[in-house]
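Visitor: Structure of the sequence below:
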Amino acid sequence: MIAAYLAATGQLIWAAVTFVVGELLKLVLVERLFELTKNKLMKIPTFAWAYRHYAQAKAWVRQTEASKAFRSLSKSVRDHIRDLRSAAFRHGA
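Guide: The predicted structure follows:
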């Protein structure tokens with residue numbers, strides 16, 4: 001809601017930053033809440049059924065060539081950034 005207000009008042013960069021930070025916080029909090037309540041949630045048959053199907057779909061996606069290529073590219077980028085930072089630190093930049 002704050003991001004929408006900022007966008008409506010023409011502060012588009014701050015709106016985008018607020019939106020991204022809010023979404024990241026939401027994901028972290030929801031994931032943590034899920035981990036805390038997972039055992040109880042799995043006792044609900046419909047939830048357990050849906051979660052099993054979600055886990056199977058997620059496993060299938062992770063086995064696709066596109067997913068493997070994306071993970072490889074992501075690792076290469078992270079390694080490259082780490083190397084750049086390391087080189088900058090060594091050279092006192």
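
Visitor: Could you list the domains of the protein?
Guide: Per the record, the chain has its domains at 1-41, 43-93, by automatic domain parsing.

Visitor: average pLDDT for the last one?
Guide: Domain 43-93 shows an average pLDDT of 91 in the prediction.

Visitor: What separation do you get for residue 39 and residue 27?
Guide: Here the distance between residue 39 and residue 27 works out to 21 Å (C-beta to C-beta, to the nearest Å). C-beta: built from backbone N, CA, C; applies to glycine.

Visitor: which helix of the protein spans the most residues?
Guide: When the chain is parsed with DSSP state H, its longest helix is helix 12-41.

Visitor: Identify, out of the domains of the chain, the most deeply packed stretch.
Guide: Highest mean neighbour count of the domains of the chain: domain 1-41, a mean of 12 (counted as mean count of other C-beta atoms under 10 Å).

Visitor: distance between that one and the chain's centre?
Guide: In terms of C-alpha atoms, centre = their mean, to the nearest Å, the centre of domain 1-41 is found 11 Å from the chain centre.

Visitor: can you check stretch 67-76 too?
Guide: Relative to its chain's centre, stretch 67-76 lies at 15 Å (C-alpha atoms, centre = their mean).

Visitor: how about residue 56, secondary structure?
Guide: Of the three states, residue 56 takes helix according to DSSP: H, G, I helix; E, B strand; the rest coil.
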